[in-house]
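A.B. asks: Give me a model of this one.
(4 chains)
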2 protein chains.
Amino acid sequence: MPVKKRAMTIQDVAKAAGVSVSTVSRVLNGKVDVARDTQERILEVIAKLGYTSNLAARSMRSHRKNLIGLVVPDIMPYSIEILKGVNRAIAESKFDLLVYTTGDAQKNGAVLHEQHYVSLLSNSVTDGVIIVASATAEFIADAPIVAIDPHVINPNYPSVQGMNYHGALEVMEYLFGLGHRRIGFVKGREGNVSAQRRFQGYKDALEKAGIALDETIIIHGDFTQKTTYKNAHSLLASDNRPTAIFAANDQSAIGVYQAAEELGINVPNDLSVVGFDNISEAKYLGLTTVDQFLSEMGYIAVQMLIKFINDEPLDLEIHKMQTKLVVRTSCQRLLQPA
Amino acid sequence: MPVKKRAMTIQDVAKAAGVSVSTVSRVLNGKVDVARDTQERILEVIAKLGYTSNLAARSMRSHRKNLIGLVVPDIMPYSIEILKGVNRAIAESKFDLLVYTTGDAQKNGAVLHEQHYVSLLSNSVTDGVIIVASATAEFIADAPIVAIDPHVINPNYPSVQGMNYHGALEVMEYLFGLGHRRIGFVKGREGNVSAQRRFQGYKDALEKAGIALDETIIIHGDFTQKTTYKNAHSLLASDNRPTAIFAANDQSAIGVYQAAEELGINVPNDLSVVGFDNISEAKYLGLTTVDQFLSEMGYIAVQMLIKFINDEPLDLEIHKMQTKLVVRTSCQRLLQPA
DNA sequence: TCAATTGCCGATAACGTTACCGGCATTGAT
DNA sequence: ATCAATGCCGGTAACGTTATCGGCAATTGA
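C.D. replies: So this is what the prediction gives:
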């Protein structure tokens, strides 16, 4: 029942149209050097045979593939937001999109893996690659690379970055404004530059406000809901519980929600919570968070990459994305200062 | 600043290792016919040079690419659920995944587009293709194809399908059990077989319960939130408003929520709402819906495809997926029958 | 000791496409 | 009328890889 038909080749088309493969190729690539009626005849044959050119063969010979590769660590809300923006920009361009997930990027081989996928795409089948949350500072690639939210200090490729430090300051100011003084923090993944910048903003804001850093209300996390849930549990259950928690990303904030709910702690009445990213779930949860316009980052990255591919100059090697505090219902003014 | 280094080829590796390209190729493909120490030497060189084989060239010559293509119409909650399951199965296999979005599939050229993308992937770069929500009954392809939730009657490829009719019956029984008699319906996209089956279940359940079909409480939709929102508005504002609405998918149900909220109609107190799909947002919204295990469908489709690729027999040409009603808080017992 | 087998490896031909070159007509310029 | 320019098209060589064949040396078997 299931069919495997042999696909047409350019040879089949040429034979059926009574011309050479060169001529068919010219038609396929919109070259001018071909008579009007032969062009039409060839196009007819192509339509009739249902011919589609072989991507692999084309990619190997030619250097224009009209294809952009996207390498994301995993299918998670964060990646999905970016993907939406990327998709939007792709739809407006003449390029198509190929998405590659590297799977479990937390493994040791993460760095190696990224290079592997980038090579796989850039050396062959795509005109350029966008890499999300890259942990590699230097890539070897035949094609241009643009990174979104790179997790290394000085990458050798252009990138779109969020203003993590600034966003964190915004959050802290907001919480201070509500009267909070004992503010806990859920850290992001170890070694992740964005996570470090958010943490730095947290610490600097405390210092500026004259509040001593309290290590006991800092929760270790890795950007996942599960880890935060596990690690937040004991702190929330203790007398030591802060009045507010700033989580390094929304998924961690959801982990805090989960732990709080299990302990009968009401958000926001008993505990204020702020996240980071503004993933689509945040809206439904009423989670106050920092929008770093992930979708927009994807959109801009595609535009940068296309310029790059066309050898046009980039305005900026590093595009800094604005952040914006989105106030919802997960925080409350502290009535009686602790 | 941005770098474009030339990628290594198998020739470079061969030269550096002092062997022929044939030998390098043998090592790359794990052939036995190579001496222990030369193999190690070559592997060292590969690691040192950071060589990755050219996908296009490899695909063209060989017929094993260890790559599976996934063609989805768009980045939307529905696709994302499927993608999660696909990704899980991929992670357990030796295959990698390449995702292709066809973009705006509602356009007229949709059918043509699907064939285009399938050809693009199957003729060349992948070992097999999974197509989601396909509107094409027959594909020409060099590689095996498996469909998820195909929207045509008799496709010439194996598929994983939801039990749409059965799921709709479950919903109706549940609403009847709560005392509802005037139940509205939001239709899915025109011509979509899954949507039609759900609608058929709705109609048959009504008939069996001895309730006449009321066309005035049937809302046209296309599976998107926006369209449903627009079309639901006038019905919900009128005296004619039903006591419950069954939406053909969750996104449509969200559209109903949106319209209701704007009109000050409380869900579930003034209006019960049920969806279909159980996308991740449904949990946060408290939306009662039919879980058709989209993620699981993706998982199974990959397994089917891999069997297919390996020329192993398939147990089933059509894998029917169970459905399960997930009761949340969007429905309420009707106290005073209308 | 000699033939047969085995282990290991290199040379060569494809895969389907496009870039490049060149060649035949036809047209235009002087 | 002659030569150059142009329009149109075919032939050939690459792109980087793997499949296939064949060949040399080393090992085995009788």
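
A.B. asks: next one: phi and psi at the residue in the stretch 101-250 of chain A positioned nearest to chain B?
C.D. replies: When distances are taken as C-beta to the nearest C-beta, the stretch 101-250 of chain A reaches nearest to chain B at A:S119, 3.4 Å away. Every residue, glycine included, has its C-beta placed from N, CA and C. Here is the backbone geometry of A:S119 (degrees, to the nearest 10): phi -60, psi -50.

A.B. asks: repeat for A:N240
C.D. replies: According to degrees, to the nearest 10, the main-chain angles of A:N240 amount to phi -70, psi 0.

A.B. asks: Show me which residues of chain A are close to DNA strand C?
C.D. replies: A:9-11, A:21-22, A:24-25, A:28-29, A:53-54, A:57-58, A:60-64 (C-beta under 7 Å from any atom of the strand).

A.B. asks: show me where pLDDT drops low in the stretch 51-200 of chain A?
C.D. replies: Residue ranges of the stretch 51-200 of chain A with pLDDT under 70: A:103-112.

A.B. asks: now with 50?
C.D. replies: A:105-109 (pLDDT under 50).

A.B. asks: Which parts of it are helices?
C.D. replies: Listed in chain order, the helices found in the stretch 51-200 of chain A under DSSP state H, counting those that start in this stretch are A:55-61, A:77-92, A:110-120, A:164-177, A:193-208.

A.B. asks: For B:D291, find the nearest of those.
C.D. replies: Between B:D291 and the helices of the stretch 51-200 of chain A, the shortest gap by C-beta to C-beta is with helix A:77-92, which sits at 19.7 Å.

A.B. asks: In the closest one, which residues are buried?
C.D. replies: Neighbour-count burial for helix A:77-92, counted by 16 or more other C-beta atoms under 10 Å in any protein chain shown, picks out A:77-90.

A.B. asks: next one: stretch A:38-57
C.D. replies: Buried positions in stretch A:38-57, judged by neighbour count with 16+ other C-beta under 10 Å: A:38-39, A:41-42, A:45-46, A:49, A:51-57.

A.B. asks: want to throw these into JSON lines with distance to chain B?
C.D. replies: Formatted as JSON lines, the buried residues of stretch A:38-57 follow (distance: C-beta to the nearest C-beta, whole Å):
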{"residue": "A:T38", "distance to chain B": "23"}
{"residue": "A:Q39", "distance to chain B": "20"}
{"residue": "A:R41", "distance to chain B": "20"}
{"residue": "A:I42", "distance to chain B": "18"}
{"residue": "A:V45", "distance to chain B": "15"}
{"residue": "A:I46", "distance to chain B": "12"}
{"residue": "A:L49", "distance to chain B": "9"}
{"residue": "A:Y51", "distance to chain B": "8"}
{"residue": "A:T52", "distance to chain B": "3"}
{"residue": "A:S53", "distance to chain B": "8"}
{"residue": "A:N54", "distance to chain B": "5"}
{"residue": "A:L55", "distance to chain B": "4"}
{"residue": "A:A56", "distance to chain B": "4"}
{"residue": "A:A57", "distance to chain B": "5"}
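
A.B. asks: Whatever residue of the stretch 151-300 of chain A ends up closest to DNA strand C: what's its closest spatial neighbour, skipping adjacent residues?
C.D. replies: Using C-beta to the nearest atom of the strand, A:Y157 is the residue of the stretch 151-300 of chain A that sits closest to DNA strand C, at 25.7 Å. For A:Y157, the nearest residue in space outside its immediate sequence neighbours is A:I145; the separation is 4.3 Å by C-beta to C-beta, 6 or more residues apart in numbering or on different chains.
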